[in-house]
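Asker: sharing a model that was predicted from the sequence below.
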Amino acid sequence: MRTLYIPPSVAPDTTGPVYLHKVSLVKYWDRISPANRATNFGWWNPAGKVLEMNDFYDKVVVLTFFGTWSGPSISQLNVLDSVAPDTNVLVMAVAMKEGARGGEAVIRLDSFSRARELPYEVLVGSPDFGDTYGGIDVVPTTFVIDRRRKITATFEGFATKSTLLDAIGKAESEEE
């Protein structure tokens, strides 16, 4: 008899799932990270498999902390929408201060992500997780991270598409 794949439990805290479509809670993160280095963290992908930031050493990463309640953040997501298909870059967005916790936040962000047809993964952040990146005081805050996991550019507030593409290009060329 063939065994079917069954994803892990999606309701560990009774408030809802830890992942749904392209939205996930951050499963864990390293508490200590050297200066100017990206924190390694894990999340569930849409199939229920846990992925880690360190699994993507072959890609430059654009990591944006945003809020669905922030106009500049929504504008930043529009820029990320246009950057994602044009580059060989892993784009991820981390929602902050969404007024919901755990699975409830995943459900809310899934509705937001699907309505906006976001082509990249969206994670539910927390103040503790934001602290691993120096504390997130402003949304959007965007980090460009090279293949060696060095943070090569940080943008507090809105960053234009050309600014992001320039930073991505520099991150790619630093590694050659």
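Answerer: Done, it's in.
Asker: where do the strands sit along the chain?
Answerer: Here the chain has its strands, by DSSP state E, at 19-20, 23-29, 41-44, 50-52, 60-66, 89-95, 121-124, 141-145, 151-156.
Asker: from Ala84, how far off is Val91?
Answerer: 5 Å (Cβ to Cβ, to the nearest Å). (Glycine included, C-beta is placed from N, CA and C.)
Asker: overlap of the contact sets of those two?
Answerer: Common neighbours of Val91 and Ala84 are listed as 119-120 (criterion: Cβ atoms under 8 Å, 6 or more residues apart in numbering).
Asker: re earlier: how about the strands of the chain in a markdown table, adding mean neighbour count, mean pLDDT and distance to Arg108?
Answerer: Shown next, in a markdown table, are the strands of the chain (neighbours: other Cβ atoms under 10 Å; pLDDT from 0 to 100; distance: least, Cβ to Cβ, whole Å):
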| stretch | mean neighbour count | mean pLDDT | distance to Arg108 |
| --- | --- | --- | --- |
| strand 19-20 | 23 | 82 | 10 |
| strand 23-29 | 21 | 88 | 9 |
| strand 41-44 | 22 | 90 | 17 |
| strand 50-52 | 15 | 91 | 22 |
| strand 60-66 | 24 | 95 | 14 |
| strand 89-95 | 23 | 93 | 9 |
| strand 121-124 | 24 | 92 | 9 |
| strand 141-145 | 25 | 96 | 21 |
| strand 151-156 | 17 | 95 | 25 |
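Asker: now those strands in JSON lines, with distance to Val106?
Answerer: Shown next, in JSON lines, are the strands of the chain (distance: least, Cβ to Cβ, whole Å):
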{"stretch": "strand 19-20", "distance to Val106": "5"}
{"stretch": "strand 23-29", "distance to Val106": "5"}
{"stretch": "strand 41-44", "distance to Val106": "10"}
{"stretch": "strand 50-52", "distance to Val106": "15"}
{"stretch": "strand 60-66", "distance to Val106": "16"}
{"stretch": "strand 89-95", "distance to Val106": "10"}
{"stretch": "strand 121-124", "distance to Val106": "6"}
{"stretch": "strand 141-145", "distance to Val106": "21"}
{"stretch": "strand 151-156", "distance to Val106": "26"}
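Asker: low-confidence ranges, the chain, go.
Answerer: Scanning the chain for pLDDT under 70 picks out the ranges 1-16, 32-33, 85-87, 175-176.
Asker: can you name the residues that contact Leu123?
Answerer: 23-26, 43, 92-95.
Asker: I'd like to know which of those is nearest to Phe158.
Answerer: Ala93 (14.0 Å; Cβ to Cβ).
Asker: so what's that closest one bridging to?
Answerer: Residues in a beta bridge with Ala93, per DSSP bridges, are Thr64, Val122.
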